[in-house]
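# following is a predicted model, sequence given first.
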Amino acid sequence: MFCFSFTLFSSRVSQLTLFVAAIALTFIAPAQLRAQRSEPEPTFSDFKGVRIGSSADEARKKLGSPRDKGDDQDFYVFNDTQAVQIFYDKTAKVSAISIDYMTGASGIPSPKDVLGTEADKKPDGSVYKLVRYPKAGFWVSYSRTAGDSPTTTVTMQKIEH
């Protein structure tokens, strides 16, 4: 059996060892806590109640009858200004959601509404940013095309391990 005793060392060595350990904990513990807290909660986590991991039946119940229905994907159009694709994995669970807001759509979210932060604006006026949420198990992206009639696309996708 292994036994450790500070009595084998001089009191100065013992004190120095304890001091170094205390200093190390002072710097390491807060860094680990910051790393654990550094991932923000997703601002955008569902579309009309449909989330990553929802079943196909749940999604169809919440969104209604899709324009095009399939085993791996459903396609919806709302008010001719919003197109939504719901993608399913092999177990018929939602693996991705993509929403296109076209010209004339109301309630187009801002990057801050979707990502919790502003997105990078390109010189041509287009916008794009992707934020990963490993703890939540998915990523979210925000994209807006350039021009007078931009299309805004918000996409959520399951992170595959």
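Right, received. Where do you want to start? Remember, it's a predicted structure, so these values are computed and weren't measured experimentally.
# quick one, helices of this protein?
Assigned by DSSP state H, the helices in the chain fall at 11-37, 56-63, 111-115.
# give the buried residues for stretch 92-108.
Lys93, Val94, Ser95, Ala96, Ile97, Ser98, Ile99, Asp100, Tyr101, Met102, Ala105, Ile108 (16 or more other Cβ atoms under 10 Å). In this view, the C-beta of every residue, glycine as well, is placed from N, C-alpha and C.
# ok, the residues you listed vs Gln157, which is closest?
Nearest to Gln157 out of the buried residues of stretch 92-108 is Ala96 (Cβ to Cβ; 4.1 Å).
# per-residue pLDDT, that closest one?
What the model reports as pLDDT for Ala96 is 98.
# that one contacts Ile52, doesn't it?
Yes. Assessed by Cβ atoms under 8 Å, Ala96 is found in contact with Ile52 at 7.5 Å.
# give me the common contacts of these two.
Met156, Gln157, Lys158 (Cβ atoms under 8 Å, 6 or more residues apart in numbering).
# most surrounded residue in those residues?
Met156 (25 neighbours; other Cβ atoms under 10 Å).
# mind listing what it touches?
By Cβ under 8 Å, 6+ apart, the neighbours of Met156 are Phe44, Ser45, Phe47, Ile52, Ala96, Ile97, Ser98, Phe138, Trp139, Val140.
# now those residues in CSV, with distance to Gly116?
Below are these laid out as CSV (distance: Cβ to Cβ, whole Å):
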residue, distance to Gly116
Phe44, 8
Ser45, 11
Phe47, 17
Ile52, 17
Ala96, 20
Ile97, 18
Ser98, 19
Phe138, 14
Trp139, 13
Val140, 9
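# most neighbours among those, please name it.
Counting by other Cβ under 10 Å, top hit in those: Ile97 with 25 neighbours.
# any idea what it is bridged to?
Beta-bridge pairing of Ile97 under DSSP bridges involves Ile86, Met156.
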